[in-house]
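Asks: return atomic coordinates for the entry below.
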Amino acid sequence: MKNLISALWLCISIGASAQPFTVAPDLFDRHQPETLGLATAPGTESITVYRGVSEESQYNHGAVLFANKGTLYLQWQSSQRDEDAVDTRVLYASSSDGLHWSAPKVLAPAREGAVVTSGGWWAQGDELYAFINVWPNNLAPRGGYTEVFTRQNGEHWGEAARPKFASGEPLDGVIEQDFHTYCGRLVTALHRQPGLQVAPLYTDDPSGLSGWKLGQFENLSVKDGVSRELEPSNFMRRDGTLVMVFRDQQSSFRVLAAASKDCGETWSRAQATNMPDSRAKQSAGNLPDGTAYIVNNPSGSKTREPLTVTLSDDGATFDRAYLLRAGGEQLEGPRYEGLYKRKGFSYPKSFVWREHLYVAYGENKENIVVTRVPLASLAAH
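Replies: Below is the predicted model:
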């Protein structure tokens, strides 16, 4: 009995000490669901990049941002009506000021025998890389793999290639849009086959096209080929610890998080934090001064509204937050019907560019919207 009590106490102690970050109590006011009691930071503005078109592109989702050589890029997936439909294609638009956007162009057309979705961006020198995810229709359990297009000059994109592990084998999974650099290396995560089993991923190849290695990480659980941890993002604490945040597929409606003290090579087991979430994709990162941030829907339910940014000076305690978009009556619902369509601000992804934090997302899974906030308005006062 004594040994059992000691073992239980050890597990409790490890669980308590392994929390990668905490959120200040009462930061979000549950009695004000439209705003959670948060104010909008001065200078916040929202721009509709693309508005869904009836019978043509009613579904738009999975927006992801990147800047290269003075231009801000945004890609997303689009279909006539339904999510993950056979006619899904990947579009992209660009802007020189973050306010005025080009008409969309096709990055990846609909593909026979598979669905294509947005996958993110990277660049090295003059070369811009656009990543997409390919989901074969006949693959069971449902999963996919990553492809990348390279653009060297003008608007011409080369043929699709497969990013590779250090072994030379192509990546056996999809990348969910987030690339960050730490310690001179790229860190992200792969949803590996069979199914979608999250594994942290890193490479010392600055292009992100090869040399990928799997970080040592143990999933909390896997059900029907899908890990409990999904759709991660990441940031760095002030002490140099990397933190990866995940959607919790088991519906705790809390952000899961794991930590790495060796630049992504080994990771702790994921822990449920006290950061509320909507069981959806989120976005995390660091501002230029090192401030850590998380963009999500901290509703603590399936409701994907409001949209907020929560900040921490040290990456260990998140103690202030701002409203990006209010929900409730301040958001008009979907105009069109469609599979998995829902009201709210879905799957935000962020990027810091020209003294602003930019956040792109799907509004009601119909419109692609960018909200930007001056960095000066996010600074601690």
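
Asks: only C-alpha atoms from now on, for both contacts and neighbour counts.
Replies: Fine.

Asks: report the buried residues of stretch 182-189.
Replies: Neighbour counts using 16 or more other Cα atoms under 10 Å place 185-189 of stretch 182-189 among the buried residues.

Asks: give me the contact list for that stretch.
Replies: With Cα atoms under 8 Å, 6 or more residues apart in numbering as the test, stretch 182-189 has contacts from 175-176, 178-181, 198-206, 208, 232-234, 263-264.

Asks: next: stretch 159-168.
Replies: So stretch 159-168 is contacted by 146-150, 170-171, 208-213 (Cα under 8 Å, 6+ apart).

Asks: in these, which residue is surrounded by the most others?
Replies: In terms of neighbours by other Cα atoms under 10 Å, those top out with Thr146 at 27 neighbours.

Asks: tell me which element it is part of?
Replies: strand 145-151 (DSSP states H and E).

Asks: next one: Glu83
Replies: Of the helices and strands defined by DSSP H and E, none includes Glu83.

Asks: can you check Ala259 too?
Replies: Counting by DSSP H and E, Ala259 is found in strand 254-260.

Asks: of all the buried residues of stretch 182-189, which two lie farthest apart?
Replies: Arg185 and Ala189 (13.2 Å; Cα to Cα).

Asks: list the contacts for the residue positioned nearest the centre of the chain?
Replies: Nearest to the mean C-alpha position of the chain, by Cα atoms, centre = their mean, lies Ser283 at 4.3 Å. Counting by Cα under 8 Å, 6+ apart, Ser283 touches 232-234, 294-296, 348-350.

Asks: kindly report the same for Pro276.
Replies: Pro276 neighbours (Cα under 8 Å, 6+ apart): 253-255, 297-300.

Asks: could you find the closest non-adjacent residue to Pro141?
Replies: Gly195 (4.8 Å; Cα to Cα, 6 or more residues apart in numbering).

Asks: in the stretch 101-250 of the chain, which spans are strands?
Replies: Counting by DSSP state E, counting those that start in this stretch, the stretch 101-250 of the chain has strands at residues 105-108, 114-124, 127-136, 145-151, 173-175, 180-182, 185-192, 197-203, 213-214, 222-223, 226-227, 229-236, 242-248.

Asks: so which of these is nearest Ser95?
Replies: Of all the strands of the stretch 101-250 of the chain, strand 105-108 sits nearest to Ser95, with 12.8 Å by Cα to Cα.

Asks: the closest one: partners in the sheet, and parallel or antiparallel?
Replies: Strand pairing for strand 105-108, determined by DSSP bridges: strand 89-95 (antiparallel).

Asks: now the partner strand: average pLDDT?
Replies: For strand 89-95, mean pLDDT rounds to 98.

Asks: cool, and stretch 180-189?
Replies: For stretch 180-189, the per-residue pLDDT averages 97.

Asks: and after the least confident helix or strand in the chain by mean pLDDT, which helix or strand comes next?
Replies: The weakest-scoring helix or strand in the chain, judged by mean pLDDT, DSSP states H and E, is helix 2-17 (a mean of 37). Next along the chain after helix 2-17, taking DSSP H and E as the criterion, comes strand 22-23.

Asks: okay, angle between the strand holding Thr146 and strand 114-124 too, please.
Replies: Angle of strand 145-151 versus strand 114-124, following axes from the mean of the first three to the mean of the last three Cα atoms, to 10 degrees, is 50 degrees.

Asks: packing partners for the helix or strand harbouring Leu72?
Replies: Remark: Leu72 resides in strand 71-79, with elements defined by DSSP H and E. Judged by 3 or more Cα pairs under 8 Å, 6 or more residues apart in numbering; DSSP states H and E, strand 71-79 is in contact with strand 59-68, strand 89-95, strand 114-124.

Asks: avg pLDDT for that strand?
Replies: Strand 71-79 comes out at a mean pLDDT of 98.

Asks: for this protein, what are the low-confidence residue spans?
Replies: 1-18 (pLDDT under 70).

Asks: and with 80 instead?
Replies: For the chain, the stretches flagged by pLDDT under 80 are 1-18, 152-155, 381.

Asks: pull the contacting residues for the nearest residue to Pro163 once chain neighbours are set aside.
Replies: In space, and not counting its chain neighbours, Pro163 is closest to Leu209: 4.6 Å by Cα to Cα, 6+ apart. Contacts for Leu209 (Cα under 8 Å, 6+ apart) come out as 148, 162-164.

Asks: skipping adjacent residues, who's closest to Leu378 in space?
Replies: Leu378's closest residue in space is Ala41 (Cα to Cα, 6+ apart), at 7.0 Å.

Asks: the one you found: neighbour count?
Replies: Neighbourhood size, Ala41 [other Cα under 10 Å]: 18.

Asks: picking that back up, looking at the contacts of stretch 159-168, which is nearest Val53?
Replies: So of the contacts of stretch 159-168, ranked by how close each gets to Val53 (Cα to Cα), first place is Phe149, at 27.1 Å.

Asks: now Leu139: how far from Leu190?
Replies: 17 Å (Cα to Cα, to the nearest Å).

Asks: again with Trp135
Replies: Distance, Trp135 to Leu190, by Cα to Cα: 14 Å.

Asks: ditto for Pro200
Replies: In terms of Cα to Cα, Pro200 sits 6 Å off from Leu190.

Asks: ditto for Val309
Replies: 25 Å.

Asks: that older thread, and the furthest pair within the contacts of Pro276?
Replies: Farthest pair in the contacts of Pro276, by Cα to Cα: Val255 and Ser299, 11.3 Å.

Asks: need the residues touching each of those two.
Replies: 276-277.

Asks: among these two, which residue is more densely surrounded?
Replies: Ranked by neighbour count (other Cα under 10 Å), Val255 and Ser299 place Val255 first, with 29 against 26.
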